[in-house]
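Participant: sharing a model prediction with you, sequence too.
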Amino acid sequence: MGKSTLLNALTGEKVAIVTAKPQTTRNRILGVVETPARKGTNPAAQIVFVDTPGVHKPGTQLDRRMLQEVQDALESRDLVLVLVDVTRKMAFRDEQKGAGQETGGTSRVSRSGSRSSEDEFLFSLVRRVDCPVFLVLTKIDLIRKDELLPLIETLTKQCNFAQVIPVSARQRDGLDVLVRKIVEVLPQGQRYFPKDQYTDQPVRFMVAELIRESILIETGEEVPYAAAVVVEEFIEPEPGEKNPLTRIMAAIYCERSGQKAILIGKGGSKLKDIGTGARRKIESLLDTRVYLELHVIVEPGWRESRAFVEQLDWRNQIENLAHGQAGEQDGDDEPS
């Protein structure tokens with residue numbers, strides 16, 4: 001939990017799913033924040049945050065797609081925020097000391113220096129951008145202040161940060177400072193979204209993400225990363241319907257039959273838990289009752305399939321739905 005928690009705290013809405021597992025975010029997610037004018041300082045502003053997947057070296061087609069989401073976001077930005085979870089960094093530093101591996105550069109751990117290379121990969125991306133870069137240290141409520149300064153000193157050696165801002169999304173500590181500093185550097189321009197819109201995501205995609213969040217929470221280490229969710233049917237209640245009910249059918253894809261067995265569980269117990277957890281969150285999102293039907297499909301090696309990974313992008317799903325509806329209308333015009 002880190003950048004998505006921060007985005008949700010800034011918008012005041014559940015824009016992005018949040019779990020303790022890394023690489024939870026797979027797509028670019030926009031969160032829109034309105035800020036009032038501050039007398040004598042900042043004008044009223046609309047900030048469009050882009051939550052990207054975490055930066056890591058790609059190993060699968062899915063990873064490459066996630067990295068492309070990061071690179072696309074970096075091409076259309078006025079400011080870059082590099083978010084660092086201070087609890088993870090402190091854990092890495094403690095591990096270095098225990099193993100006698102502290103080097104005074106980027107963090108290194110015993111797994112063949114993997115964390116060091118991931119850090120360097122991240123900083124190599126942000127060093128190339130031609131806009132201000134802020135270092136945002138998250139979860140500062142979970143470490144001592146005397147531990148924070150050495151960490152800041154280490155990280156600021158990696159990049160010429162315009163600002164270093166420690167925050168705690170849970171306690172809302174530092175969020176006002178972060179927003180104020182962002183507004184100070186953003187260029188003036190036209191409003192991108194209406195005042196009451198807090199994300200660009202369609203509801204179908206948010207529903208699929210809430211189901212995937214439930215999978216991440218309910219299953220172990222292997223299954224979540226091999227799982228994908230596609231909403232196959234989304235039937236909204238009729239306008240004016242009393243006690244409205246939204247009917248949703250979704251497919252959970254995995255790569256192996258063993259993963260399917262885990263997702264379903266003994267007597268369907270695990271799938272029921274996943275559905276129950278997701279349904280409660282979806283009802284909160286939609287403000288209706290929800291009938292949710294889930295089924296599990298084995299799609300061997302889907303993370304290496306470019307076509308399948310592209311299908312998971314909600315932008316492509318919307319385009320396919322539009323084509324499908326256009327096709328149905330064309331068919332209706334044909335003589336019988």
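Facilitator: Structure received.

Participant: what residues are up against residue 252?
Facilitator: Residues in contact with residue 252 (Cβ atoms under 8 Å, 6 or more residues apart in numbering) are 211, 215, 227, 228, 229, 263, 274, 294, 295, 296, 297. Placement of C-beta: from N, CA and C, glycine included.

Participant: for residue 132, that is, sorry about that
Facilitator: Contacts of residue 132 by Cβ under 8 Å, 6+ apart are 79, 80, 162, 163, 185.

Participant: check residue 247 too.
Facilitator: By Cβ under 8 Å, 6+ apart, the neighbours of residue 247 are 233, 234, 235, 290, 291, 293.

Participant: who's in contact with stretch 264-278?
Facilitator: By Cβ under 8 Å, 6+ apart, stretch 264-278 touches 210-211, 213-215, 217-219, 252, 262-263, 292, 294, 296.

Participant: and with 10 Å instead?
Facilitator: With contacts defined as Cβ atoms under 10 Å, 6 or more residues apart in numbering, stretch 264-278 is touched by 207-219, 223, 227, 229, 248, 250, 252, 260-263, 282, 290, 292-296.

Participant: in helices, which of these appear?
Facilitator: Using DSSP state H, 207-218, 260-263, 282 are the members of those that sit in helices.

Participant: determine which two of the contacts of residue 247 are furthest apart.
Facilitator: Pairwise distances across the contacts of residue 247 (Cβ to Cβ) peak at 12.5 Å, for the pair 233 and 290.

Participant: looking at the two now, which is surrounded by more residues?
Facilitator: Taking other Cβ atoms under 10 Å, residue 233 and residue 290 do not tie; residue 290 has more neighbours (20 against 11).

Participant: which ones are touching the more buried one?
Facilitator: By Cβ under 10 Å, 6+ apart, the neighbours of residue 290 are 207, 244-248, 275, 278-284.

Participant: partner residues bridging it?
Facilitator: Counting by DSSP bridges, residue 290 forms beta bridges with residue 246.

Participant: span of stretch 155-170 from start to end?
Facilitator: 23 Å (Cα to Cα, to the nearest Å).

Participant: take the contacts of residue 132 and keep only those in helices.
Facilitator: The helices, defined by DSSP H, take in residue 185 from the contacts of residue 132.

Participant: now, the contacts of residue 132 that are in strands?
Facilitator: If you go by DSSP state E, the contacts of residue 132 have 80, 163 in strands.

Participant: average pLDDT for stretch 173-190?
Facilitator: For stretch 173-190, mean pLDDT rounds to 91.

Participant: ok, now stretch 274-285?
Facilitator: Mean pLDDT, computed over stretch 274-285, is 96.

Participant: could you report the pLDDT at residue 114?
Facilitator: As predicted, residue 114 sits at a pLDDT of 50.

Participant: same question for the one 4 residues further on.
Facilitator: In the prediction, the pLDDT value recorded for residue 118 is 70.
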